[in-house]
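# need the 3D shape of this:
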Amino acid sequence: MSSIEEYELLKKRGTWTDRLIYIRSLPDRTQIETHLKQSANLLDIFNADNLPVRQRGKAAEAWLRLEVDEKQVHQFVINAINNKNIPRRIKHHILKSLHKECRSKKFSTSFYYNLACTLTSSIDHNQFNIDAHTLPYCSTTEQIEDLLSRWSISRFDQIENTSPLRSKLLRYQTLIAIRLIKNDLASKYNVNDELESYFRNNRELFLFLAQQEPKVMCRFAIEHLKRLDKHKRILPEFIYEKQKRMFAKAPDEMIELISLTATYQPG
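Now for the predicted structure:
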């Protein structure tokens, strides 16, 4: 373990005195002194109002890369986002850099959840794309569902098409996105035109989900068809277009699905 790693470990487990004693015990303090000066200099640059916004944002990003103390990172982000004197562009940069710079660190499983809860207790979740930079990286379904509930998001169509949260959910939390889509459809089964329109308008979305989660989307289609009158049961287009992959990944579900459908096939 390097002197820097040992020092950072003491930041988590020891006291300020422990760190001071450790530094004094080193026969060669060059590496640790350089590390400490670099970290302090980065914060000085970040806090300097007279420096260009881009330079300050890069300094914040570099500081996040160096800092391994979860509590320090948490407090830094909270202070930066809540500080009215910090330009919006820097706030966006900090949140955007957060996952890239911290994903390899051994932070707790509640890091992103706690950060999201703290930030959105006083700021709307879509401000600075807080939702997109925290929720998709939460560790448990319970954490994600709690945040969605806090933010009053129960359907996928509540999330704008251009929102980073939408694309991040599809990439990192596909099953959550599918659950929200089911909620979209729940109110449309009594209005056939709305149901057809939803599938038509979201064609690419369903094809993507079928590619990513073939077995889950087969079950999705089965549940969907069972809610329709028998004469309206046709193989959904996203199943038809991806049927080769579906048979390879979910053969039992495909057999059940086909048994539910009418003779008509799209195309």
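# need the helix or strand of the chain with the lowest average pLDDT.
Across the helices and strands of the chain, mean confidence by mean pLDDT, DSSP states H and E is lowest for helix 16-25: a mean of 72.
# let me know how buried the residue nearest to Tyr22 when sequence neighbours are not counted is, in neighbour terms.
Of all residues not flanking Tyr22 in the chain, Leu10 sits nearest, at 5.8 Å (C-beta to C-beta, 6 or more residues apart in numbering). In short, each C-beta sits where N, CA and C put it, glycine included. Summarising burial for Leu10: neighbours were counted as other C-beta atoms under 10 Å, giving 18.
# for the host helix or strand of Leu10, the averaged confidence score.
Here Leu10, judged by DSSP states H and E, is contained in helix 3-13. For helix 3-13, mean pLDDT rounds to 76.
# in that helix, what's buried?
For helix 3-13, the buried set under the neighbour-count rule, 16 or more other C-beta atoms under 10 Å, comprises Ser3, Tyr7, Glu8, Leu10, Lys11.
# check which helices and strands that helix sits against.
Here helix 3-13 touches helix 16-25, helix 30-47, going by 3 or more C-beta pairs under 8 Å, 6 or more residues apart in numbering; DSSP states H and E.
# return the distance of the longest one from the chain's centre.
For helix 30-47, the distance from its own C-alpha centre to the chain's C-alpha centre is 30 Å (C-alpha atoms, centre = their mean, to the nearest Å).
# got the angle for that helix vs helix 3-13?
Per axes from the mean of the first three to the mean of the last three C-alpha atoms, to 10 degrees, the angle that helix 30-47 makes with helix 3-13 is 60 degrees.
# show me the residue at the heart of this structure, geometrically.
Most central in the chain under C-alpha atoms, centre = their mean is Pro136, positioned 1.7 Å from the mean C-alpha point.
# can you tell me which residues contact it?
Leu165, Lys168, Leu169, Arg171, Tyr172, Gln173 (C-beta atoms under 8 Å, 6 or more residues apart in numbering).
# who's in contact with the second one?
If you count contacts by C-beta under 8 Å, 6+ apart, Lys168 has them with Ala132, Leu135, Pro136.
# could these go into JSON lines alongside secondary structure?
As requested, these are arranged in JSON lines below (DSSP: H, G, I helix; E, B strand; the rest coil):
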{"residue": "Ala132", "secondary structure": "helix"}
{"residue": "Leu135", "secondary structure": "helix"}
{"residue": "Pro136", "secondary structure": "helix"}
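# turn these into CSV, including pLDDT.
Shown next, in CSV, are the contacts of Lys168 (pLDDT from 0 to 100):
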residue, pLDDT
Ala132, 98
Leu135, 98
Pro136, 97
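# which of those lies closest to Lys188?
Nearest to Lys188 among the contacts of Lys168: Leu135, at 25.6 Å, using C-beta to C-beta.
# and the nearest residue to Gln211 once chain neighbours are set aside, how many neighbours does it have?
Spatial nearest neighbour of Gln211, chain neighbours left out: Lys242 (6.3 Å); criterion: C-beta to C-beta, 6+ apart. When neighbours are defined as other C-beta under 10 Å, Lys242 has 21 of them.
# repeat that for Ser104.
Neighbour count for Ser104, taken as other C-beta under 10 Å: 9.
# any idea how far it is from Arg65?
As judged by C-beta to C-beta, to the nearest Å, Ser104 and Arg65 stand 10 Å apart.
# and Ile159, by the same measure?
Counting by C-beta to C-beta, the gap from Ile159 to Arg65 is 30 Å.
# swap in Lys232?
For Lys232 relative to Arg65 (C-beta to C-beta), the value is 55 Å.
# out of the two, which sits in the busier spot?
It is Arg65, of Lys232 and Arg65, that has more neighbours when counted by other C-beta under 10 Å, with 15 against 12.
# no more questions from me, cheers.
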